[in-house]
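Asker: what shape does this take:
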Amino acid sequence: KTEEQVQEFERRFIEDRKRAHELKIKAEKFHDLLQMSGGSSFMSSNQQQSYTSKYT
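Answerer: A predicted model of the protein is given here:
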């Protein structure tokens, strides 16, 4: 690999990490909003248990 290719790869890698981090933050904020608005109630605790047991 040339030096240029390596730099290009590193730049892309860093951008991907940044983007992934931003998405994670957005997802967490969205989750918090759901919790605050009582959105978690749309999935009753009963449903949530069967859902988690099905996929674990």
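Asker: show me what contacts I25?
Answerer: Listed by CB atoms under 8 Å, 6 or more residues apart in numbering, I25 has no contact partners. Every C-beta, even on glycine, is put in place using the N, C-alpha and C of the backbone.
Asker: residues touching K1, list them.
Answerer: So K1 contacts F9 (CB under 8 Å, 6+ apart).
Asker: distance of it from E15?
Answerer: Separation of K1 from E15 (CB to CB, to the nearest Å) stands at 19 Å.
Asker: mind checking pLDDT for L34?
Answerer: pLDDT, L34: 80.
Asker: swap that for G39, please
Answerer: pLDDT at G39 comes out at 50.
Asker: what is the mean pLDDT for stretch 5-16?
Answerer: 97.
Asker: please go through the protein and pick out the longest helix.
Answerer: With secondary structure taken from DSSP state H, the chain has its longest helix at helix 3-36.
Asker: burial measure for A20, as a count.
Answerer: Using other CB atoms under 10 Å, A20 is surrounded by 10 other residues.
Asker: next: the one 4 residues further on.
Answerer: The local packing count at K24 equals 10, with neighbours defined by other CB under 10 Å.
Asker: E4 too?
Answerer: E4: 8 neighbours (other CB under 10 Å).
Asker: swap in L34?
Answerer: Neighbours around L34, by other CB under 10 Å: 14.
Asker: repeat for E3
Answerer: Applying other CB under 10 Å, I find that E3 has 7 neighbouring residues.
Asker: and it, how far from H31?
Answerer: 42 Å.
Asker: still on that earlier bit, list the buried residues in the longest helix of the chain.
Answerer: When burial is assessed from 16 or more other CB atoms under 10 Å, helix 3-36 yields no buried residues.
Asker: next, S37: phi, psi?
Answerer: phi -80, psi 0 (degrees, to the nearest 10).
Asker: how close does F9 get to E15?
Answerer: 11 Å.
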